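*Asks:* The sequence isn't on hand, but the structure is:
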DNA sequence: CCTTGACCTTCCCATGATGGGAAGCCCTAT
DNA sequence: ATAGGGCTTCCCATCATGGGAAGGTCAAGG
């Protein structure tokens, strides 16, 4: 299996597969005589795992930890759960921050006429009026 | 006023002030004979505007548009409102995506024992079981 | 007058994850 | 033999931000 085939099979682009190899997230692939990387079902499975974790928003560094646990038969599920919940907390934090931004902007936009006149509470807020 | 003082007065770091100047978001500051950048209240006000917009999650490119409208006395508030609501939509989209991630992970974590045994539905999900 | 320390200047580098693209090699089918 | 598609490595760009080096400037204090 070439890198392009592994990419299609896993949903991870060839570019990213090379990158993951470079940063040591995955072991270096075997090579053909011509220098082509070679992949098998085992590697595709690993790439799918990574792809799924990325889809759930895990950083590459977090995935490094997850892979360590995945491949450790002596792992404690508590460790996996801890990583997952830490990531959830991270996500919730970012969600809260963004909701605050969106809420503020919606409030401001609601009080903006939105017509051809220049007066605009949104710009007033940005330019400092009403905030100290 | 030096760049450091303007930074403290506006909440924008000196590094960022130079960067904003370099990309043309703000006009090039005046200089002293020794080459030091010089700022006044007008510039600090501009920097505060940018800072506030960044705090609301606007990208630098969006701020470029906002500044254009801010400085345009003939502006239509409808244009400002449109920019703001487009940004809200963007935020809401990202919020939704992250909530889906967080929700999925919370569900998985809830069914994970979280003890010293290796069995873990989180890893099962990541490794492909139960998704096709 | 000279030193010290804080501040300024420019320039380069790094982040995180990803894509784009060039130059050149390899393989397969026509 | 040639064309086309896929592989290789290498460099560059993103977005907004910070770190740090090398060197100039300025004010205060000895």
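*Replies:* Good, I have the coordinates. Keep in mind the model is a prediction, meaning the values are calculated, not measured. Numbering: from 1, shown residues only, chains lettered A, B, ... in the order given.

*Asks:* contacting residues around the closest residue to residue A:57 other than its chain neighbours?
*Replies:* Nearest residue to residue A:57 in three dimensions, chain neighbours excluded: residue B:101, at 4.4 Å (Cβ to Cβ, 6 or more residues apart in numbering or on different chains). Glycine gets a C-beta too; all of them are placed from N, C-alpha and C. Neighbouring residues of residue B:101 by Cβ atoms under 8 Å, 6 or more residues apart in numbering or on different chains: A:55, A:56, A:57, A:91.

*Asks:* Wasn't residue B:101 part of a strand?
*Replies:* No: counting by DSSP: H, G, I helix; E, B strand; the rest coil, residue B:101 falls outside a strand, being helix.

*Asks:* Can you turn the buried part of the contacts of residue B:101 into a ChimeraX selection?
*Replies:* Entered in ChimeraX, the line below selects the buried ones among the contacts of residue B:101, by 16 or more other Cβ atoms under 10 Å in any protein chain shown:
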select /A:56,57,91
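
*Asks:* tell me the SS of the spatially most central residue of chain A?
*Replies:* Centroid-nearest residue in chain A: residue A:57, 3.5 Å away (criterion: Cα atoms, centre = their mean). With three-state DSSP as the basis, residue A:57 sits in coil.

*Asks:* ok, now how distant is it from DNA strand C?
*Replies:* According to Cβ to the nearest atom of the strand, to the nearest Å, residue A:57 stands 9 Å off from DNA strand C.

*Asks:* quick one: contacts for that residue?
*Replies:* Here residue A:57 is in contact with A:87, A:91, B:98, B:101 (criterion: Cβ under 8 Å, 6+ apart).

*Asks:* next one: residue A:36
*Replies:* Listed by Cβ under 8 Å, 6+ apart, the contact set of residue A:36 reads A:2, A:3.

*Asks:* same deal with the one 4 residues further on?
*Replies:* By Cβ under 8 Å, 6+ apart, the contact set of residue A:40 is residue A:1.

*Asks:* how is chain A carved up into domains?
*Replies:* A:1-58, A:76-132 (automatic domain parsing).

*Asks:* Just give me how far the shortest one sits from the chain centre.
*Replies:* The gap between where domain A:76-132 is centred and where its chain is centred comes out at 20 Å by Cα atoms, centre = their mean, to the nearest Å.

*Asks:* Indicate whether that domain makes contact with DNA strand C.
*Replies:* No: under the criterion of Cβ under 7 Å from any atom of the strand, DNA strand C is not reached by domain A:76-132; the shortest gap measures 11.4 Å.

*Asks:* Does DNA strand D have contacts with that domain?
*Replies:* No: contact of domain A:76-132 with DNA strand D (Cβ under 7 Å from any atom of the strand) is absent, the minimum separation being 13.3 Å.

*Asks:* Max pairwise distance over the contacts of residue A:57: which two?
*Replies:* Greatest spatial distance among the contacts of residue A:57 (Cβ to Cβ): A:87 and B:98, at 10.6 Å.
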